[in-house]
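**Student:** Return atomic coordinates for the entry below.
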Amino acid sequence: MPLIAVIGTFYFYLKYLIDKSNMMFVYNMDYESGGKIRNVVTRYMYWNLLIFQLIAIFFFSQVFDNQLYLVSGTALLGLWAIVYFYGRHLIKKKYNLDTILAKKQEGSLQKDLLEQAYTQFSGLLTTK
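**Tutor:** Numbers count the residues shown, from 1 in each chain. Here you go, the predicted model:
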């Protein structure tokens, strides 16, 4: 294996980390949404995934003229929906997202998050 590939990989990975850090913490973007657009984009991504899966299921069942694609695709789509909605419920329940959003609007979220991170970190130190 050529040595330049290893050096190039290391260089581009380091460049990625530096640019990521600069974009997140150094440069101030006036057009940032404060995390509001993430929810909209996530919702559209899930709908696009659903539409893609439906099109793929019907396409492969028609092209290969086999009902196995239709049945297995529909079963996998149902399994995906169960995992998605149940996982969303668990995340909301575990992280108390409704409470976090209410605190974010009040402005007391930063202090609570720091206290929570401190208690989790100190718990990790005492268990080992």
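**Student:** Which stretches in the protein count as helices?
**Tutor:** Secondary structure of the chain (DSSP state H): helices at 3-21, 36-63, 67-95, 97-106, 109-127.
**Student:** buried ones in the second one?
**Tutor:** Judged by neighbour count (16 or more other Cβ atoms under 10 Å), helix 36-63 contains these buried residues: 57, 60-61. Where you see a C-beta, it was placed from the backbone N, CA and C, and this is true even at glycine.
**Student:** pLDDT and distance to Val41 added to those, as a markdown table?
**Tutor:** A markdown table is the format used below for those (pLDDT from 0 to 100; distance: Cβ to Cβ, whole Å):
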| residue | pLDDT | distance to Val41 |
| --- | --- | --- |
| Ile57 | 86 | 24 |
| Phe60 | 86 | 28 |
| Ser61 | 85 | 30 |
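**Student:** so which of the residues you listed comes closest to Asn48?
**Tutor:** The nearest member of the buried residues of helix 36-63 to Asn48, counting by Cβ to Cβ, is Ile57 at 14.9 Å.
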